[in-house]
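Peer 1: heads up, no residue letters with this:
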Ligand SMILES: NC(=O)c1ccc[n+]([C@@H]2O[C@H](COP(=O)([O-])OP(=O)(O)OC[C@H]3O[C@@H](n4cnc5c(N)ncnc54)[C@H](O)[C@@H]3O)[C@@H](O)[C@H]2O)c1
Ligand SMILES: [Zn+2]
Ligand SMILES: [Zn+2]
């Protein structure tokens with residue numbers, strides 16, 4: 001089958017790879033109908049996150065049809081339409097039972113193979129899903145596929161960010177970064193009842209989407225976002241800061257805009273060695289800080305309910321729908337935010353299973 005693989009930072013290829021096979025009784029094989037490109041893929045693409053084996057299939061957002069299940073899979077069968085969270089989880093270990101499925105003791109991240117171990121990604125025609133019963137979620141009948149797909153990562157992550165930041169009725173939320181994750185954090189903050197959402201970015205299309213989802217856009221290219229947010233809050237600062245970028249600058253801004261006793265939730269994947277504010281500054285602000293990988297599996301039913309309720313047209317974030325073979329161009333468009341690129345979906349053109357040279361190079 002064909003997939004997008006990463007061989008070195010910047011060296012992304014559309015190529016023939018090994019066909020995924022059932023390895024354990026609890027596995028399923030899913031035919032990918034829709035995949036996506038996430039901001040997290042850019043970290044490995046640029047080498048900010050390292051460790052992937054050359055030739056790893058990238059991608060962790062997907063929706064598709066179950067093609068085959070192992071003998072131990074009970075909840076799904078061939079033909080079911082499913083959406084996956086971006087990591088697998090067992091549903092039974094202590095982190096899973098606590099709702100922290102992202103830290104499942106048996107969990108794996110799609111698109112991360114290191115030292116020969118791990119899971120191939122979903123920017124591919126087909127993908128192997130371990131722990132299928134406790135990982136996959138059925139797509140509700142009649143739901144549009146694009147918003148359903150977005151529940152597996154960005155909407156769940158936005159919801160995780162908004163809840164972690166303790167957004168609630170009457171609260172003022174500041175969202176730093178209006179990429180897909182920040183935009184879904186805005187949608188979630190509105191769902192949770194925020195009285196105001198101030199959203200910072202500099203990309204015009206993204207700020208326009210922020211406004212469409214109910215935020216007050218703050219263009220950091222045209223004004224000082226800290227000054228603006230302090231002005232808007234009578235000098236006090238926001239109650240909740242939702243960081244959705246992953247850089248020291250975004251983290252510092254999220255900290256600075258917060259009122260004393262406020263809560264900062266950082267879902268950007270950070271690769272800096274240290275926080276950009278000191279323990280003393282955090283103390284002086286009585287800061288609560290939450291961060292980490294989103295436990296998407298435990299939030300997906302709620303994300304799907306947000307989609308069903310239809311209060312926000314979340315699939316409006318999708319700017320590009322491309323076949324997998326345009327993967328290298330898609331990464332370039334999304335990375336450099338060209339042509340209004342906000343979110344790319346991939347629709348693989350399926351070839352018959354096992355087609356292509358059986359001796360072809362690529363990950364197994
Ligand atoms: N915690 C999780 O589980 C999880 C899940 C998904 C994505 N992520 C991470 O979330 C982050 C965002 O993902 P995305 O897909 O939206 O990425 P993205 O790169 O499309 O979006 C980032 C946005 O932030 C803006 N930005 C950059 N610097 C800024 C600053 N200093 N202030 C304000 N805005 C700034 C950019 O213009 C861009 O629109 C990434 O780091 C990604 O890895 C984390
Ligand atoms: Zn992601
Ligand atoms: Zn578990």
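Peer 2: All right, it came through fine. Since this is a predicted model, take the numbers as computed values, not measurements. Ligands and ions are numbered 1, 2, ... in the order given.
Peer 1: any idea where the helices of the stretch 1-150 of the chain begin and end?
Peer 2: The residue ranges that make up the helices of the stretch 1-150 of the chain, judged by DSSP state H, counting those that start in this stretch, are 39-45, 94-97, 132-135, 145-150.
Peer 1: Of the ones you listed, which is nearest residue 12?
Peer 2: Shortest separation from residue 12 across the helices of the stretch 1-150 of the chain is recorded for helix 39-45, at 6.5 Å, computed as Cβ to Cβ. (Each C-beta comes from the backbone N, C-alpha and C, glycine too.)
Peer 1: Summarise which helices and strands that closest one is packed against.
Peer 2: Under the contact definition 3 or more Cβ pairs under 8 Å, 6 or more residues apart in numbering; DSSP states H and E, helix 39-45 sits against helix 327-336.
Peer 1: average pLDDT across the helix it packs on?
Peer 2: Taken as a whole, helix 327-336 carries a mean pLDDT of 97.
Peer 1: and if you look at stretch 240-247?
Peer 2: When pLDDT is averaged over stretch 240-247, the result is 98.
Peer 1: repeat for stretch 98-118
Peer 2: In this model, stretch 98-118 carries a mean pLDDT of 98.
Peer 1: That stretch vs ligand 3: in contact?
Peer 2: Yes: counting by Cβ under 5 Å from the ion, contacts between stretch 98-118 and ligand 3 involve residue 104.
Peer 1: And for stretch 293-312?
Peer 2: No: in terms of Cβ under 5 Å from the ion, no part of stretch 293-312 sits within range of ligand 3; the closest distance is 9.3 Å.
Peer 1: what number of residues lie near the closest residue to ligand 1 within the stretch 51-200 of the chain?
Peer 2: Here the stretch 51-200 of the chain gets closest to ligand 1 at one residue, residue 179, 2.0 Å apart by Cβ to the nearest ligand atom. Taking other Cβ atoms under 10 Å as the criterion, the count of residues near residue 179 is 25.
Peer 1: mind listing what residue 76 touches?
Peer 2: The neighbours of residue 76, taking Cβ atoms under 8 Å, 6 or more residues apart in numbering as the test, are 28, 66, 69, 82, 132, 133, 136, 138.
Peer 1: Please name the bridge partners of residue 68.
Peer 2: Listed beta-bridge partners, residue 68: residue 29 (assigned using DSSP bridges).
Peer 1: separation between it and residue 84?
Peer 2: 15 Å (Cβ to Cβ, to the nearest Å).
Peer 1: With neighbour numbers in mind, choose between the two.
Peer 2: residue 84 (29 against 18).
Peer 1: Isn't that one up against residue 59?
Peer 2: No: at 10.8 Å, residue 84 and residue 59 do not qualify as touching, with contact defined as Cβ atoms under 8 Å.
Peer 1: Touching both of these two, which residues are there?
Peer 2: Common neighbours of residue 84 and residue 59, counting by Cβ under 8 Å, 6+ apart, are 110, 122.
Peer 1: The residue of the stretch 51-200 of the chain closest to ligand 1: what's its closest spatial neighbour, skipping adjacent residues?
Peer 2: Ranked by Cβ to Cβ, 6 or more residues apart in numbering and with sequence neighbours excluded, the top spatial neighbour of residue 179 is residue 39, at 5.3 Å.
Peer 1: Return the residues in contact with that neighbour.
Peer 2: For residue 39, the contacting residues are 179, 180, 181, 246, 269, by Cβ under 8 Å, 6+ apart.
Peer 1: Also residue 50?
Peer 2: Applying Cβ under 8 Å, 6+ apart as the definition, the contact partners of residue 50 turn out to be residue 44.
Peer 1: Would you mind measuring from it to residue 114?
Peer 2: In terms of Cβ to Cβ, residue 50 sits 9 Å off from residue 114.
Peer 1: Please apply the same query to residue 46.
Peer 2: In this structure, residue 46 lies at 17 Å from residue 114, with Cβ to Cβ as the measure.
Peer 1: just residue 17 next, same as before
Peer 2: In this structure, residue 17 lies at 17 Å from residue 114, with Cβ to Cβ as the measure.
Peer 1: next one: phi and psi at the residue of the stretch 51-200 of the chain closest to ligand 1?
Peer 2: Phi and psi for residue 179, reported as degrees, to the nearest 10, are phi -70, psi -170.
Peer 1: for residue 158, same thing?
Peer 2: Backbone geometry at residue 158, expressed as degrees, to the nearest 10, gives phi -60, psi -40.
Peer 1: Residue numbers of the chain in contact with ligand 3?
Peer 2: 89, 90, 93, 96, 104.
Peer 1: repeat that with 6 Å
Peer 2: Within the chain, the residues that sit near ligand 3 (Cβ under 6 Å from the ion) are 89, 90, 92, 93, 95, 96, 104, 105, 106, 107.
Peer 1: Farthest pair within the residues you listed?
Peer 2: Farthest apart among the residues of the chain next to ligand 3 by Cβ to Cβ are 92 and 107. That separation is 11.4 Å.
Peer 1: Between those two, which is the more surrounded one?
Peer 2: More crowded of residue 92 and residue 107, by other Cβ under 10 Å: residue 107, with 25 against 12.
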